[in-house]
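Peer 1: next one to model:
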Amino acid sequence: MATLRQYSSDAVELTWNQLDFKEGFATGTFVTLNFNVDAFTHKSTASGDGVSVFVKDRSGTCVVTVSQESTLHQQLLAVHNQDRSTRDQVFLGKFNDTSSGEVYDLNKMRIVRSPDVSRGTESASFDWTFNVLEIVPVPNVLNATNLVG
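Peer 2: Next up is the predicted model:
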């Protein structure tokens with residue numbers, strides 16, 4: 001898996017299915033975006049030479065760490081349980097890293113795995129893993145250079 005990057009949850013704005021993740025992130029954690037495959041692969045030709053081949057697959061995963069005590073954790077559990085019945089809980093995710101200005105559309109994002117919840121006296125945090133059909137960078141039009149003229 002090709003890791004796109006780990007982002008501090010303090011600087012990430014993430015929305016999905018009308019849920020705002022900001023209030024549910026566990027303190028001091030990261031959000032990780034991964035591509036399922038590398039952008040290029042190496043193929044051998046008939047002569048034995050190698051060539052680089054671009055891979056169009058931009059699918060991946062988004063992993064977030066959520067506090068067990070948060071409302072977001074309960075909301076994600078409800079969506080995941082609904083999806084197990086209906087298999088239709090697929091939505092557009094919006095990702096914005098305010099520290100770097102990186103913005104991504106997370107197309108057809110769905111919960112792939114709910115965390116193993118432990119029972120105890122201490123509050124815990126859990127990783128939620130989402131499959132994303134396509135991770136699409138959104139160009140920053142405010143910083144784009146005008147190349148015309």
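Peer 1: going forward, measure contacts between C-alpha atoms and count neighbours the same way
Peer 2: OK.
Peer 1: quick one: the strands in the protein?
Peer 2: Remark: strands assigned in the chain by DSSP state E are 2-8, 12-16, 19-20, 30-35, 40-44, 50-54, 60-67, 91-97, 103-113, 125-137.
Peer 1: quick check, Leu19 in contact with Leu72.
Peer 2: Yes. Leu19 lies in contact with Leu72 (C-alpha atoms under 8 Å); the separation is 7.5 Å.
Peer 1: re earlier: Ala78 is nearest to which of the strands of the chain?
Peer 2: Ala78 sits nearest to strand 103-113 of all those, at 11.1 Å, using C-alpha to C-alpha.
Peer 1: settle it for me: which of Leu19 and Leu72 has more neighbours?
Peer 2: Leu72 (19 against 14; other C-alpha atoms under 10 Å).
Peer 1: next one: that one from Leu33, what distance?
Peer 2: According to C-alpha to C-alpha, to the nearest Å, Leu72 and Leu33 sit 19 Å apart.
Peer 1: now this structure, which segments are flagged as low pLDDT?
Peer 2: Along the chain, segments meeting pLDDT under 70 span 1-3, 118-123, 141-149.
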